[in-house]
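Enquirer: coords please:
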Amino acid sequence: VELSREADSYFRTLTAYRPHFTTWNGKLYESELVRSAIDARARHISKLKVEIQGAARPTLQTKLRLKPNNWQTWSQFLYRVSTILDMQNTAVIVPVYDELMNPVGYYPVLPRKCEIVQDDDGTPFLRYEFANGERAADYLEECAILTKFQYKDDFFGETNHALDPTMSLVHMNNEGIKEAIKNGATYRFTARMTNFSNTEDLKRERQRFSEANLKADEANGGLLLFPNTYADIKELQNKGYTVPEAELREIRTSVYNYFAVNEDILQSKAYGDAWSAFYESVVEPFSIQFSETMTQALFSDRERAQGSLLMATANRLQYMTTKEKLDVSSAMFDRGVWNRDDVRDVWNMPPLPDGQGQAYIIRGEYITISEDGSFTRDGTDAGGENNE
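Expert: Numbering: from 1, shown residues only. Model prediction:
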């Protein structure tokens with residue numbers, strides 16, 4: 001991404017304190033369970049449909065309707081924003097400029113550190129620093145900042161350190177399983193040796209036994225040979241400890257609760273009411289915050305007052321069962337609430353060509369209402385107008 005503006009020394013903090021966030025070490029994403037939860041959220045969020053309304057900034061709108069920037073599709077863009085937000089509880093989206101400093105798109109950056117500062121004129125800026133030490137700044141009003149768990153800071157979300165105890169248990173259990181596998185491949189025993197009078201004799205016998213049975217180049221066929229001076233030979237059973245299934249389920253539930261997911265969501269088994277609950281608790285809050293912050297970054301107060309906005313929406317009805325989709329399609333279509341294209345969208349079908357699916361049909365010996373308000377009944381022109 002071309003950095004839009006160099007961060008220079010004339011910046012100062014916006015207020016008496018220094019609001020900023022610093023990214024965590026990233027090890028959270030190395031957990032298979034956490035990565036699955038974050039991926040499940042991001043996959044569903046990436047299916048949101050981004051729409052722009054209004055007449056303001058037509059050139060930029062034209063570019064954004066196709067894609068958010070030159071490197072990503074809207075699906076990739078939303079997936080990355082969701083992943084960054086879950087990992088850092090703060091996602092920063094900044095404008096991308098052309099060579100004439102005109103905005104041509106937006107990009108979700110992954111800085112090591114962000115802070116809010118202002119220049120000598122009092123204009124607030126978002127200044128950020130990347131892992132390679134490179135720094136840049138943008139007008140705060142042109143940036144979108146999404147947050148989760150926002151409490152202490154006025155601009156940024158909290159860290160994910162609240163999940164540290166759970167992640168420690170997950171790590172220890174994985175280590176226990178690994179050590180149990182290693183111990184299962186070893187043989188340990190105790191034996192009492194007779195006819196040895198001193199420590200040096202015991203030491204020499206231990207060395208002799210190891211060289212005769214445990215050297216890598218000895219082809220003994222996996223058989224240990226004990227001399228008749230060994231007595232009371234007993235195998236030592238070393239059982240590795242792993243977390244019981246009930247406790248392991250509690251650990252997983254803690255991660256699920258933290259990211260508001262469950263196994264049905266992770267394994268793509270959620271439909272109907274189950275998916276609607278996930279939509280309302282995860283996808284919809286993201287959609288609202290993303291739409292509001294991006295609208296504020298894209299358009300001025302006057303442009304927003306005149307109806308310019310960006311919205312991210314989802315067709316949640318696609319996740320109903322076949323029977324539920326059939327019932328709601330019939331009810332909404334027969335009452336003239338939906339047209340044929342709306343029904344086709346629920347069934348994941350493309351709209352009809354040439355606007356054929358835009359007409360509304362009301363059941364009651366079927367009255368077809370055209371876009372100009374006129375209607376026909378039973379296929380015969382009734383010459384009437386819709387006065388509703």
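Enquirer: okay, CA-based contacts and neighbour counts for the rest of this
Expert: Noted.
Enquirer: quick one, helices of the stretch 251-388 of the chain?
Expert: Using DSSP state H, counting those that start in this stretch, the helices found in the stretch 251-388 of the chain span residues 263-266, 273-278, 284-298, 301-305, 322-334, 340-346.
Enquirer: out of those, nearest to residue 311?
Expert: Minimum separation from residue 311 across those (CA to CA) falls at helix 284-298, 4.8 Å.
Enquirer: how distant is that closest one from the center of its chain?
Expert: Relative to its chain's centre, helix 284-298 lies at 16 Å (CA atoms, centre = their mean, to the nearest Å).
Enquirer: touching it from outside, list them.
Expert: Helix 284-298 is touched from outside by 45, 48, 141-146, 304, 308-313, with contacts defined as CA atoms under 8 Å, 6 or more residues apart in numbering.
Enquirer: list just the nearest of those to residue 170.
Expert: Nearest to residue 170 among the contacts of helix 284-298 is residue 45, at 26.7 Å by CA to CA.
Enquirer: ok, residue 84 - contacts?
Expert: 90-91, 110.
Enquirer: residue 311 too?
Expert: Residue 311 neighbours (CA under 8 Å, 6+ apart): 49-52, 287-288, 291-292, 295.
Enquirer: pull out the buried members of those.
Expert: Neighbour counting with 16 or more other CA atoms under 10 Å marks 50, 52, 287, 291-292, 295 as buried within the contacts of residue 311.
Enquirer: any chance of these in CSV with pLDDT and distance to residue 66 as columns?
Expert: Formatted as CSV, these follow (pLDDT from 0 to 100; distance: CA to CA, whole Å):
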residue, pLDDT, distance to residue 66
50, 92, 10
52, 92, 11
287, 94, 19
291, 95, 17
292, 95, 20
295, 95, 17
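Enquirer: with distance to residue 173 added, can I get those in TSV?
Expert: Formatted as TSV, the buried ones among the contacts of residue 311 follow (distance: CA to CA, whole Å):
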residue	distance to residue 173
50	42
52	48
287	36
291	41
292	42
295	45
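Enquirer: among those residues, which pair sits farthest apart?
Expert: 52 and 287 (13.7 Å).
Enquirer: sorry, back to before: nearest to residue 99 among the contacts of residue 84?
Expert: Using CA to CA, residue 110 is the member of the contacts of residue 84 that lies nearest residue 99, at 22.7 Å.
Enquirer: so the closest one touches residue 92, yeah?
Expert: Yes: here residue 110 reaches residue 92: they are 7.4 Å apart, a contact under CA atoms under 8 Å.
Enquirer: give the burial count for residue 100, as a bare number.
Expert: By other CA atoms under 10 Å, 6 other residues sit near residue 100.
Enquirer: same question, residue 334
Expert: By the measure other CA under 10 Å, the count of residues near residue 334 is 18.
Enquirer: got the contact list for it?
Expert: 361-363.
Enquirer: residue 245 and residue 173, how far apart?
Expert: Residue 245 is 11 Å from residue 173, where distance means CA to CA, to the nearest Å.
Enquirer: also residue 191?
Expert: Taking CA to CA, one finds residue 191 at 33 Å from residue 173.
Enquirer: who has more neighbours out of those two?
Expert: More crowded of residue 191 and residue 173, by other CA under 10 Å: residue 173, with 17 against 13.
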